[in-house]
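J.: Sequence plus the predicted model coming up.
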There are 2 protein chains.
Amino acid sequence: MAGKLSKINLNDYKPLREVIFNTLREAIIVGELKPGERLMEVQLAEKMGVSRTPVREAIRMLELEGLVNMLPRKGAHVAELSVKDIMDVLEVRASLDGLATALAANRITEEEIKSLKHVQNQFANYVEKENLQGSIKKDVEFHEIIYRSSRNDKLIQIVNNLREQVQRFRVIYLKDYVSPKELIKEHAEIVDAITSKNASSALAAAEKHIRNQENAIIKSLKTLR
Amino acid sequence: MAGKLSKINLNDYKPLREVIFNTLREAIIVGELKPGERLMEVQLAEKMGVSRTPVREAIRMLELEGLVNMLPRKGAHVAELSVKDIMDVLEVRASLDGLATALAANRITEEEIKSLKHVQNQFANYVEKENLQGSIKKDVEFHEIIYRSSRNDKLIQIVNNLREQVQRFRVIYLKDYVSPKELIKEHAEIVDAITSKNASSALAAAEKHIRNQENAIIKSLKTLR
DNA sequence: ACTGCATATATTATATACAAAATACATTCC
DNA sequence: GGAATGTATTTTGTATATAATATATGCAGT
């Protein structure tokens, strides 16, 4: 009896620092905590009903992830994210998405191809229906399947971090972002390349996909002025 | 007077957690702390003559950098580093070194080309003289110049982390590593491509360079058995 | 009003204290 | 002897206390 229950309870303990880390990270990514905003330990600790210790540890982790900057003895503040920063990120991401997609073309399983196509369809449907939340979610899923199919854990870890930064940039600068219909075609190209196990065209398609995002961002930035 | 001195003193304050972080990181990379070894807070704190708090914070940072793993309520231990892990790292690094070198071909300055060639020569000299320490140091410098010339800070940050892991792997598995003379030729190819501003051949040369390292590692591993 | 300085306040940095869980070890019971 | 249980010890998790530094405030002197 109770085998399932006790198993779950034993494994899902999370130290406070992790809870706080995730909470703060999420808050930074969705823009609830704005760039430059100070993170004061007592204030955060009180708001969350804990002591300063786990808050400090969470901040140390955010610092290494690049979401906050620290000045010794002056405290932490939410990292700024310049256009140059995000261009750097996208430059790297184009390359790594290319790599991931090429690897996926070589290593993906039949089941994964099936679910990739499934998510591809769901994405297209949401875009047609102009369901933004849904389409974003499916877009993320789509790329996650590809990353997982690369069978390269280090690559997955890095790309996740890059995506996080792009997401954050969008929230800060492009609050009204909508996924354009061209994405459907680009996804189709990627799927075709993967399905036909053509690594080099998979690489090209994925790179192009990111480059187009980059251009879209540049264009949006120009219209903002 | 004392202008220089006071300036240095003012800027040079480092929180204990940073000192400890660097100390532990170095110890892990050079293999002084071995994979799987437990990191106990009181023990480390006593050895370093500080309290547990900064030690804990340093461990949190190492955790995010991937050098230690944690089990909640059981403590931290030095991360294992499997052959699969390092193959993943090298797969990513091949791609990113390619990117960095291609970008460098487009963005490098004349001064940087000069110092690149200078370091290239120093490296070759050390290899000829079979000065291992010197050649390793110059090899690192050589690649650092290229990374810097890419003008992409995010890329630099990621590649540094990847290099760190490769270095650690070498220490763990290949204690008797020597830089082979083929590296001289590979470096020359890279320099040629960069100097002639040929981004695509720079990319190819850098990727090949890493792939060769990968093969050398695989070969070394086989002879170890 | 403005500067220079003293002092108060706020904030981080480090150390210590206490609580909770994991581990090791002994003891009991079969 | 071996499993089960209880207890002591170790170790981590969290909270709090103290020290050191940075920032803000107020006031004298001009």
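T.: Yes, it's here. All figures in this text were calculated on a predicted structure; none of them were measured in a lab.
J.: alpha carbons only for contacts and neighbour counts from here, please
T.: Will do.
J.: Quick one: name whatever helix or strand follows the lowest-mean-pLDDT helix or strand in chain A.
T.: One helix or strand of chain A scores below all others by mean pLDDT, DSSP states H and E: helix A:3-11, with a mean of 43. Towards the C-terminus, the helix or strand next in line after helix A:3-11, according to DSSP states H and E, is helix A:16-29.
J.: So that following helix, near chain B or not?
T.: No: for helix A:16-29 and chain B, the contact criterion (Cα under 8 Å from any Cα of the partner chain) is not met; the two come no nearer than 9.6 Å.
J.: Measure how far that helix is from the centre of its chain, please.
T.: Using Cα atoms, centre = their mean, to the nearest Å, the distance from the centre of helix A:16-29 to the centre of the chain it belongs to is 15 Å.
J.: could you pull out the strands for chain A?
T.: With DSSP state E as the definition, chain A shows strands at residue ranges A:38-39, A:68-71, A:75-78.
J.: need those strands in JSON lines with distance to A:Gly49 and mean neighbour count, can you?
T.: Shown next, in JSON lines, are the strands of chain A (distance: least, Cα to Cα, whole Å; neighbours: other Cα atoms under 10 Å in any protein chain shown):
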{"stretch": "strand A:38-39", "distance to A:Gly49": "16", "mean neighbour count": "18"}
{"stretch": "strand A:68-71", "distance to A:Gly49": "22", "mean neighbour count": "17"}
{"stretch": "strand A:75-78", "distance to A:Gly49": "20", "mean neighbour count": "20"}
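J.: JSON lines please, covering these and showing mean pLDDT and distance to DNA strand C.
T.: Output for those, formatted as JSON lines (pLDDT from 0 to 100; distance: least, Cα to the nearest atom of the strand, whole Å):
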{"stretch": "strand A:38-39", "mean pLDDT": "95", "distance to DNA strand C": "6"}
{"stretch": "strand A:68-71", "mean pLDDT": "94", "distance to DNA strand C": "7"}
{"stretch": "strand A:75-78", "mean pLDDT": "95", "distance to DNA strand C": "4"}
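J.: interface residues of chain A facing chain B?
T.: For chain A, the residues found near chain B under the criterion Cα under 8 Å from any Cα are A:13-15, A:56-57, A:60-61, A:64-65, A:72, A:85, A:88-89, A:92, A:95-96, A:99, A:152-155.
J.: I'd like to know which of those are part of helices.
T.: Using DSSP state H to define helices, the subset of the residues of chain A next to chain B located there is A:56-57, A:60-61, A:64-65, A:85, A:88-89, A:92, A:95-96, A:99, A:153-155.
J.: give me the number of residues near A:Leu99?
T.: Taking other Cα atoms under 10 Å in any protein chain shown as the criterion, the count of residues near A:Leu99 is 27.
J.: does it really touch A:Ala204, like I thought?
T.: No: under the criterion of Cα atoms under 8 Å, A:Leu99 makes no contact with A:Ala204, lying 9.3 Å away.
J.: In terms of pLDDT, where does A:Glu130 sit?
T.: According to the per-residue confidence, A:Glu130 scores 89 in pLDDT.
J.: For it, grab the count of nearby residues.
T.: Other residues near A:Glu130 number 15, with proximity taken as other Cα under 10 Å.
J.: And it, how close does it get to A:Glu144?
T.: Shown here: A:Glu130 relative to A:Glu144, a distance of 22 Å by Cα to Cα, to the nearest Å.
J.: before we move on, what about A:Gln165?
T.: If you measure A:Gln165 against A:Glu144 using Cα to Cα, the figure is 16 Å.
J.: Of all pairs in the ones in helices among the residues of chain A next to chain B, which one is the farthest apart?
T.: Taking Cα to Cα, the two most distant members of these are A:Arg56 and A:Leu99; they sit 36.6 Å apart.
J.: got the residues of chain A near DNA strand C?
T.: A:Leu10, A:Leu39, A:Met40, A:Glu41, A:Val42, A:Thr53, A:Leu71, A:Pro72, A:Arg73, A:Lys74, A:Gly75, A:Ala76 (Cα under 7 Å from any atom of the strand).
J.: can I assume the last one is in contact with A:Val68?
T.: Looking back up the chat, that one is A:Ala76. Yes: between A:Ala76 and A:Val68 there is a contact at 6.4 Å, judged by Cα under 8 Å.
J.: which neighbours do these two share?
T.: Contact criterion Cα atoms under 8 Å, 6 or more residues apart in numbering or on different chains; residues shared by A:Ala76 and A:Val68: A:Ile59.
J.: just to revisit the earlier point, ChimeraX command for the buried members of the ones in helices among the residues of chain A next to chain B?
T.: A single ChimeraX command selects the buried members of those (16 or more other Cα atoms under 10 Å in any protein chain shown):
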select /A:56,57,60,61,64,85,88,89,92,95,96,99,154,155
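J.: Quote the end-to-end distance of stretch A:61-81.
T.: Stretch A:61-81 has its terminal residues 18 Å apart, counting by Cα to Cα.
J.: Contacts for it, please.
T.: Around stretch A:61-81, the neighbours that count as contacts under Cα under 8 Å, 6+ apart are A:21, A:25, A:28, A:33-40, A:59, A:169, B:13-15, B:60-61, B:64-65.
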